[in-house]
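Enquirer: Here's a sequence, model it:
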Amino acid sequence: MAKKNISNDDLLANIIKGIEEVKGNDIDILDLRAIDNTVCDYFVICNGTSNTQVNSIVNSVQKIVSKELKDKPWHVEGAENGEWVLMDYVNIVVHVFQKHIREYYNIESLWGDAKITTIQNKY
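Expert: Reported below is the predicted structural model:
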């Protein structure tokens, strides 16, 4: 079965919608397209306040992307402990952190050449 092409814009919009649906915080989109040898086009980074909220964010993103775009992540890692969950949608990788873990790893600084777009909370 051939995979249908989903635009990055549609996927990004639905990922953000899934994060906002359960009040994920500090949403940043890192545009990696202008950087050589990157593994994907975008990182979406956000955080929750507990392992329960982190897992709720992950479930919400999966549910909305599945419902709206009929797509699912190629791979999900870290859901067992709910501190840092990585969702790989191939062109877009979503990182959902607990706040203290996000601050510790500070992956935004590792990709300092990326254009960062911060999404303002609607709540």
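Enquirer: Tell me where the chain has strands.
Expert: Residue ranges of the strands in the chain, as given by DSSP state E, are 25-31, 42-48, 75-77, 84-88, 92-98, 115-119.
Enquirer: where's the last one relative to the chain centroid, distance-wise?
Expert: Spelled out, it's strand 115-119. Here the centre of strand 115-119 is set off from its chain's centre by 13 Å, with Cα atoms, centre = their mean, to the nearest Å.
Enquirer: looking only at pLDDT, what's the mean for that strand?
Expert: The average of the pLDDT scores along strand 115-119 is 94.
Enquirer: same question, the shortest one
Expert: Strand 75-77 shows an average pLDDT of 95 in the prediction.
Enquirer: Now for E80, how many residues are close by?
Expert: Per other Cβ atoms under 10 Å, the neighbour tally for E80 reads 9. No exception for glycine: its C-beta is placed from N, CA and C like everyone else's.
Enquirer: Please spell out the segments of this protein that come in under the pLDDT threshold.
Expert: For the chain, applying pLDDT under 70 flags the ranges 1-4, 123.
Enquirer: what about the helices in it?
Expert: Taking DSSP state H as the test, the helices found in the chain are 8-21, 51-69, 99-105, 107-110.
Enquirer: OK, contacts around the residue most central in space within the chain?
Expert: The chain has V94 as the residue nearest its centroid, 2.3 Å off, counting by Cα atoms, centre = their mean. With Cβ atoms under 8 Å, 6 or more residues apart in numbering as the criterion, the residues that contact V94 are I15, F43, V44, I45, C46, V61, P73, L86, M87.
Enquirer: make it 6 Å
Expert: By Cβ atoms under 6 Å, 6 or more residues apart in numbering, the contact set of V94 is I15, V44, M87.
Enquirer: Let's have the strands of the chain in CSV, adding distance to I6.
Expert: Shown next, in CSV, are these (distance: least, Cβ to Cβ, whole Å):
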stretch, distance to I6
strand 25-31, 16
strand 42-48, 13
strand 75-77, 17
strand 84-88, 14
strand 92-98, 10
strand 115-119, 20
